[in-house]
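Peer 1: here you go, sequence then predicted model.
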Amino acid sequence: MRVIVVQNFWNSGLGQLGAALERAGAAIDHRMVHEGEPLPTDASAHDAMVVLGGAQNALDDESSPYFPALLDLIRAFEAQDRAVLGICLGAQLVARAFGAQNHIGTAPEFGWREVALTPEGEADPVLGGLPARFPIFQWHDDTFDLPAGAVRLARNEAVGNQAFRVGRAAYGVQFHFEADRPMVRRWSADLADYLAERQPGWAGRMEADAATLGVAADRAGAALACAWISQV
């Protein structure tokens, strides 16, 4: 199993998705595209692609000039029935790749928040093994419309499109299921000054939220990771 991972920001990472890929024996081709590493020109060398999150928005081709090529690559993977998984910004880029409109700054969410599966999500091979409602970590400002022909898999009161699928195995997941409690702690330390300004009080309540919501979130995220790998 050969998986290309597209990293868009310096402190994003695979988290518990990476642990699941390692257990599955995947060969990971990690491309730091935000630092100038090139994307492949086609999908032929990989069985699946993961597109991680980032601080930029999905329409910011000026600061991320590789975005148009990445959109082409997402479409190429789906056309060849090769699995795609976009997380947060990655989900927004998957939506854009298939013609949906992105909405910038209209849907801020932060922290562990509840997400609910749709009926289609409950029947989905990747999300269907999760509880009907579960907490999961969120960190985003933007959202998107559902691409034409896509299947909505999860939603909550803040964001109507929390997860969707295009075709058999091209998934967009707005929430950070890969971010287990250790990763959330690392992000919080790395970006402490930013969070102190944007999320007052987070440093004081993080561990309490981790204890009450983070355990179930980690369990749901690990299950989602394993289920997606089974579709590769």
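Peer 2: Alright, I've got the coordinates.

Peer 1: centroid residue for this structure?
Peer 2: Within the chain, one residue has its C-alpha closest to the average C-alpha position: by C-alpha atoms, centre = their mean, that is Ile87, at 1.1 Å.

Peer 1: so Thr106 touches Asp142, yeah?
Peer 2: Yes. Between Thr106 and Asp142 there is a contact at 6.9 Å, judged by C-beta atoms under 8 Å. (Glycine included, C-beta is placed from N, CA and C.)

Peer 1: and Arg2, how far from Asp190?
Peer 2: For Arg2, the distance to Asp190 equals 30 Å [C-beta to C-beta, to the nearest Å].

Peer 1: quick revisit: higher neighbour count, Thr106 and Asp142?
Peer 2: Here Thr106 and Asp142 are set side by side on neighbour count (other C-beta atoms under 10 Å), and the busier one is Asp142, at 21 against 11.

Peer 1: please enumerate the strands of the protein.
Peer 2: Assigned by DSSP state E, the strands in the chain fall at 2-7, 27-32, 48-51, 83-87, 102-103, 109-117, 133-140, 143-144, 151-155, 163-166, 170-173.

Peer 1: mind putting the ones you listed into a markdown table with distance to Arg219?
Peer 2: Conversion of the strands of the chain to a markdown table gives the following (distance: least, C-beta to C-beta, whole Å):
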| stretch | distance to Arg219 |
| --- | --- |
| strand 2-7 | 23 |
| strand 27-32 | 23 |
| strand 48-51 | 21 |
| strand 83-87 | 18 |
| strand 102-103 | 31 |
| strand 109-117 | 12 |
| strand 133-140 | 8 |
| strand 143-144 | 26 |
| strand 151-155 | 16 |
| strand 163-166 | 17 |
| strand 170-173 | 16 |
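
Peer 1: now tabulate the ones you listed in CSV and tack on distance to Ala216 and mean pLDDT.
Peer 2: Compiled in CSV, the strands of the chain are given as follows (distance: least, C-beta to C-beta, whole Å; pLDDT from 0 to 100):
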stretch, distance to Ala216, mean pLDDT
strand 2-7, 26, 98
strand 27-32, 27, 97
strand 48-51, 23, 98
strand 83-87, 19, 98
strand 102-103, 29, 98
strand 109-117, 9, 98
strand 133-140, 5, 98
strand 143-144, 24, 98
strand 151-155, 15, 98
strand 163-166, 17, 98
strand 170-173, 17, 98
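
Peer 1: compare those and give me the one nearest Asp180.
Peer 2: Closest approach to Asp180 among those is made by strand 133-140 (8.4 Å; C-beta to C-beta).

Peer 1: skipping its backbone neighbours, what lies nearest Gly172 in space?
Peer 2: Among residues not flanking Gly172 along the chain, Ala91 sits closest, at 3.4 Å (C-beta to C-beta, 6 or more residues apart in numbering).

Peer 1: show the contacting residues for that neighbour.
Peer 2: Contacts for Ala91 were tallied using C-beta atoms under 8 Å, 6 or more residues apart in numbering; they are 144, 163-164, 171-174.

Peer 1: now, which of those sits nearest Leu70?
Peer 2: The closest of the contacts of Ala91, once distances to Leu70 are taken by C-beta to C-beta, is Gly172, at 13.5 Å.

Peer 1: identify the bridge partners of that closest one.
Peer 2: Assessed by DSSP bridges, Gly172 has beta-bridge partners Gly86, Phe164.

Peer 1: my read: it touches Ala95, true?
Peer 2: Yes. Between Gly172 and Ala95 a contact is recorded at 5.7 Å, counting by C-beta under 8 Å.
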